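Participant: with the sequence up front, the predicted model follows.
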Amino acid sequence: MDDTLKARPHGTRIEAVMGTIRSGIAARSLSPGMRLASVRAQAKTMQVSVSTVVEAYERLAAEGVIHARPGSGYYVSGPAAPLSLATLGPRVEREVDPLWISRQALEADDATLKPGCGWLPASWMPVTGMRRALRGLARGDEAVLMDYASPLGLPALRSVLSRRIAANGIQAGPDQIMLTESGTQAIDLICRFLLEPGDTVLVDDPCYFNFHALLKAHRVKVVGVPYTPHGPDTEAFGAALLAHAPRLYITNSAIHNPTGAVLSPVIAHRLLKLADRSELVIVEDDIFADFETAPAPRLAAFDGLARVIHIGSFSKTLSASVRCGYIAARPDWIESLADLKLATSFGGGRLAAELLHAALTDGGYRKHMEATRARLAAAMERTAARLERLGVTPWLMPQAGMFLWCRLPEGVDAALVARRCLDEGVVLAPGNAFSQSQTASGFLRFNVAQSAEEKIFAALGRAIDGAVRQRD
């Protein structure tokens with residue numbers, strides 16, 4: 001049998017034939033305009049059926065890689081792909097900035113371990129429920145598969161979300177909720193609506209690294225407020241309000257990213273009292289709500305959505321591929337945000353919203369999340385114990401969620417450790433990617449659901465030992 005087929009035990013024979021053609025084109029042994037072997041000749045060479053080669057050629061033609069000439073055969077399309085300069089020299093090291101973790105984790109192959117990423121492994125997700133929902137939609141109304149969504153989004157899903165956030169004390173009817181394509185798009189729309197270049201925005205220090213990247217894109221000034229185990233430092237928060245007159249404050253409600261801390265009721269009341277003396281609007285990102293074992297205070301509940309905007313999505317608990325989030329806000333703001341959404345992305349994803357609604361209202365989702373919370377709690381204990389044996393200590397032990405914010409041994413730089421681990425196929429999340437003040441160089445964020453493999457701790461131990469020797 002051909003070596004290509006032997007090398008692809010998990011692929012189909014059709015994919016093997018396609019791979020052979022693509023490899024020949026990439027190696028330039030098959031140049032633009034060159035006629036491919038006939039279907040029968042290719043089938044004989046690769047020891048596959050004629051129908052297999054026909055299907056492979058048809059798929060390559062559909063991709064524009066090759067094209068058919070009636071009565072003549074199949075030919076390589078052109079022009080030739082340009083040479084990639086990246087393959088001609090050494091890899092350029094990317095600066096460890098707020099997008100470093102995302103790029104490394106999202107571009108990694110299946111063999112790379114990702115304890116620094118911000119999502120659960122696919123095997124932890126409710127795959128059965130999602131498949132069931134997909135099958136149901138495929139058999140349903142054709143408009144679901146083909147039409148645009150309404151400006152606010154699927155009414156049935158907005159009703160479900162209204163009831164869900166009401167369980168945390170947030171009163172918002174379906175007409176006060178607008179669906180978005182993700183939690184990130186929700187923040188982007190709010191920034192477009194409320195900010196002008198040069199405005200000041202407060203964030204927690206540390207905070208979710210993509211807040212930094214998104215705010216940079218909006219050309220605003222970002223000021224970090226130190227985060228404590230009970231919420232932002234209110235003295236520093238008040239000082240920042242006086243010194244910078246910020247327009248916006250973006251934070252996590254419930255489980256904080258990256259620290260895993262929970263906002264206390266006392267700090268929540270102090271924050272809102274301080275905000276009452278200013279023009280500040282608060283954006284409360286509740287993406288980790290379903291990981292809670294006990295409900296934490298929500299600023300939107302205390303405030304009644306007067307100056308707090310509540311957002312969320314289900315990419316962490318249902319599917320990162322189903323891009324659907326939401327914004328809950330006062331009615332006049334929702335109207336303006338809906339117009340802005342229409343102007344920038346038109347109708348939004350109706351199929352994603354229908355899929356999310358089907359999955360959320362499936363009785364299996366609640367049971368799945370109960371099991372996931374228990375599984376995360378066990379993983380949290382195991383990961384913390386394994387890290388402490390390496391001298392890596394949690395800043396606090398979270399009540400719930402997937403993140404451990406950990407301090408490295410004294411004087412060890414997290415960015416250096418992350419680069420060394422990346423060379424061994426392990427993606428980490430160095431602390432300064434989360435810190436506006438760049439004061440978290442000795443911290444790493446660990447995703448306990450992605451930290452089961454011994455290879456992670458072996459690589460981490462070697463990287464720390466190397467950093468200690470270099471320091472000494």
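Facilitator: Thanks, I have it. Given the structure is predicted, the values throughout are model-derived calculations rather than measurements.
Participant: Ala415 contacts Phe443, doesn't it?
Facilitator: No. With contact defined as Cβ atoms under 8 Å, Ala415 does not reach Phe443; the gap is 10.6 Å. Using the backbone N, CA and C atoms, a C-beta is placed for each residue, glycine as well.
Participant: among these two, which residue is more densely surrounded?
Facilitator: Phe443 (23 against 17; other Cβ atoms under 10 Å).
Participant: so what's the more buried one up against?
Facilitator: Pro206, Trp395, Trp405, Cys406, Arg407, Leu408, Ala414, Pro430, Gly431, Phe434 (Cβ atoms under 8 Å, 6 or more residues apart in numbering).
Participant: residues touching the residue nearest to it when sequence neighbours are not counted, list them.
Facilitator: In this structure, Phe443 finds its nearest non-sequential neighbour in Gly431, 3.1 Å apart by Cβ to Cβ, 6 or more residues apart in numbering. Neighbouring residues of Gly431 by Cβ under 8 Å, 6+ apart: Pro206, Trp405, Ala414, Ala440, Ser441, Gly442, Phe443, Leu444, Arg445.
Participant: filter the residues you listed down to the ones in helices?
Facilitator: Residues of those located in helices (DSSP state H): Ala414.
Participant: which of the contacts of Gly431 tops the neighbour count?
Facilitator: Busiest of these [other Cβ under 10 Å] is Arg445, holding 30 neighbours.
Participant: quick check: beta-bridge partners of it?
Facilitator: Trp405, Ala429 (DSSP bridges).
Participant: starting from the host helix or strand of Thr128, tell me the next helix or strand along the chain.
Facilitator: Secondary structure from DSSP states H and E places Thr128 in helix 127-138. Sequence order places helix 142-146 as the next helix or strand after helix 127-138, per DSSP H and E.
Participant: so how far is that following helix off the chain centroid?
Facilitator: Computed by Cα atoms, centre = their mean, to the nearest Å, the chain-centroid distance of helix 142-146 equals 27 Å.
Participant: show me what it is packed up against.
Facilitator: When contacts are defined as 3 or more Cβ pairs under 8 Å, 6 or more residues apart in numbering; DSSP states H and E, helix 142-146 sits against helix 127-138, helix 350-360.
Participant: who's in contact with Val308?
Facilitator: Contacts of Val308 by Cβ under 8 Å, 6+ apart are Leu272, Val281, Ile282, Val283, Glu284, Leu299, Ala300.
Participant: repeat that with 7 Å
Facilitator: Residues in contact with Val308, defined by Cβ atoms under 7 Å, 6 or more residues apart in numbering, are Ile282, Glu284, Leu299, Ala300.
Participant: who does it bridge with?
Facilitator: Note on Val308: beta-bridge partners Ile282, judged by DSSP bridges.
Participant: the one 5 residues further on now?
Facilitator: Judged by DSSP bridges, the bridge partners of Ser313 are Gly325.
Participant: what's the burial count for it?
Facilitator: Ser313 has 25 neighbours, counted by other Cβ under 10 Å.
Participant: per-domain residue ranges of the protein.
Facilitator: Domain assignment for the chain, taken from automatic domain parsing, gives 3-76, 100-118+373-471, 127-361.
Participant: adding mean pLDDT, write these out as JSON lines.
Facilitator: Listed next are those as JSON lines, based on pLDDT from 0 to 100:
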{"stretch": "domain 3-76", "mean pLDDT": "86"}
{"stretch": "domain 100-118+373-471", "mean pLDDT": "94"}
{"stretch": "domain 127-361", "mean pLDDT": "95"}
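Participant: closest to Lys367 out of the ones you listed?
Facilitator: domain 127-361 (9.7 Å; Cβ to Cβ).
Participant: any chance of CSV for the domains of the chain, columns distance to Lys367?
Facilitator: Formatted as CSV, the domains of the chain follow (distance: least, Cβ to Cβ, whole Å):
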stretch, distance to Lys367
domain 3-76, 31
domain 100-118+373-471, 11
domain 127-361, 10
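Participant: disregarding residues adjacent in the polypeptide, which is nearest to Trp205?
Facilitator: One thing to correct before we go on: residue 205 is Asp, not Trp. Gly224 (3.2 Å).
Participant: what's the burial count for the one you found?
Facilitator: Close neighbours of Gly224, defined as other Cβ under 10 Å, add up to 21.
Participant: that one: what's it in contact with?
Facilitator: Counted by Cβ under 7 Å, 6+ apart, Gly224 has contacts Val203, Asp205, Ser435, Gln436, Ser437.
Participant: nearest to Phe314 among those?
Facilitator: Taking Cβ to Cβ as the measure, Phe314 lies nearest Val203 of the contacts of Gly224, at 23.2 Å.
Participant: ok, and what's touching the helix or strand harbouring that closest one?
Facilitator: Per DSSP H and E: Val203 is located in strand 200-205. By Cβ under 7 Å, 6+ apart, the surrounding residues in contact with strand 200-205 are 211, 215, 220-227, 232, 240, 244-251, 435-437.
Participant: follow-up on the earlier one: list just the nearest of the contacts of Gly431 to Pro258.
Facilitator: When the contacts of Gly431 are ranked by distance to Pro258 (Cβ to Cβ), Arg445 comes first, at 4.0 Å.
Participant: and the closest one, how close does it get to Lys216?
Facilitator: Using Cβ to Cβ, to the nearest Å, we find Arg445 at a distance of 20 Å from Lys216.
Participant: mind checking pLDDT for Pro82?
Facilitator: With respect to pLDDT, Pro82 scores 55.
Participant: what's the neighbour count on the nearest residue to Ala111 once chain neighbours are set aside?
Facilitator: Excluding the flanking residues, the one nearest Ala111 by Cβ to Cβ, 6+ apart is Gly425, at 6.2 Å. For Gly425, the count of nearby residues is 15 (other Cβ under 10 Å).
Participant: I figured Gly425 hits Lys114, correct?
Facilitator: No. The pair Gly425 / Lys114 is not scored as a contact, 9.8 Å apart, by Cβ atoms under 7 Å.
Participant: which residues does Asp286 contact?
Facilitator: By Cβ under 7 Å, 6+ apart, Asp286 lies in contact with Ser253, Ala254, His310, Ile311, Gly312.
Participant: which single one of those residues is nearest to Asp141?
Facilitator: Gly312 (26.6 Å).
Participant: give me the nearest residue to the closest one, chain neighbours excluded.
Facilitator: Asp286 (4.2 Å).
Participant: residue contacts, the residue nearest to Ala111?
Facilitator: Ala111, Thr112, Leu113.
Participant: cool, and Arg323?
Facilitator: Glu181, Ser182, Gly349, Ala352.
Participant: rerun at 6 Å
Facilitator: If a contact means Cβ atoms under 6 Å, 6 or more residues apart in numbering, then Arg323 has Glu181, Ser182, Ala352 as its contacts.
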